[in-house]
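> need coordinates for the following:
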Amino acid sequence: MKKKEAIAIVFDDHLLFADSFSALIERLEIFRSVHTLCEEQELTQFLMKHSGVPVYLFLDYYLKNQNALPLINVARRLNKRITVIIVSSVASPTAITNILSYSPNGLISKSSGFDAVLECLTIIGRGEQYISPEVAEINTNSNLKSVMPFSAREMEILQYFASGLSIAQTAERTYLSKHTIVAHRRNMMAKVNVNSITALLSYARKHELI
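From the prediction side, this is the model:
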């Protein structure tokens, strides 16, 4: 990463953490600018405005009323030069497996020291994925990789259903046809042997997928 070329965004609905983390990122003096955002609309508008600029998105997993994983796909569609780093207190093996299915460039535990951020940026700069030791230990000791039933795309659609979006609204958000959304819904229900969207969402909540 060239000094002063990339822009950093800290997206977290806990403003005290977001402002503090942004201040630490600014001290690195490797980003052209650092921005703190907490609303999805702000993020999408910013990424559309800076679609040709390399952006490092530091994204919390736990957001109000949802997790942030659908935002990864949104961000990648809006900015082809984006680097996504999840910064979270997540400790659930299921949630970690879910996060990694989206192939973020980095996954940093909030229990890590700031050295983890420096190490993360260095490793990402080499074209490799970074996972902090705290998260890697949980992931290594879990056998959930073999039982994750849904793909990253299916998880994105499931998140929109959980947020109350209709098939038409989900199709618009994901740039897919309504028929494709219906097919994904049908496939997800078949995978976990349920017969309704209500039962599908109940399964997902029970297994900490949403």
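
> need phi/psi at the residue nearest in space to the middle of the chain.
Taking CA atoms, centre = their mean, the centroid of the chain lies closest to L69, which sits 3.3 Å from it. Per-residue torsions, L69: phi -60, psi -40 (degrees, to the nearest 10).

> residues touching the residue nearest to I131 when sequence neighbours are not counted, list them.
In space, and not counting its chain neighbours, I131 is closest to L107: 4.9 Å by CB to CB, 6 or more residues apart in numbering. To be clear about C-beta, it is placed using only N, CA and C from the backbone, and glycine gets the same treatment. L107 sits next to 85-86, 88, 96, 99-100, 130-132, 135 when contact means CB atoms under 8 Å, 6 or more residues apart in numbering.

> that older thread, the residue nearest to the centre of the chain reaches M155, doesn't it?
Yes - between L69 and M155 there is a contact at 6.3 Å, judged by CB atoms under 8 Å.

> parallel or antiparallel, which strands does the worst-scoring helix or strand of the chain on mean pLDDT pair with?
Here the helix or strand of the chain ranked lowest by mean pLDDT, DSSP states H and E is strand 66-67, holding a mean of 75. Taking DSSP bridges as the criterion, strand 66-67 pairs within the sheet with strand 62-63 (antiparallel).

> avg pLDDT for the strand it pairs with?
Averaging pLDDT along strand 62-63 yields 81.

> show me how far that strand is from its chain's centre.
Computed by CA atoms, centre = their mean, to the nearest Å, the chain-centroid distance of strand 62-63 equals 10 Å.

> fine by me, thanks again.
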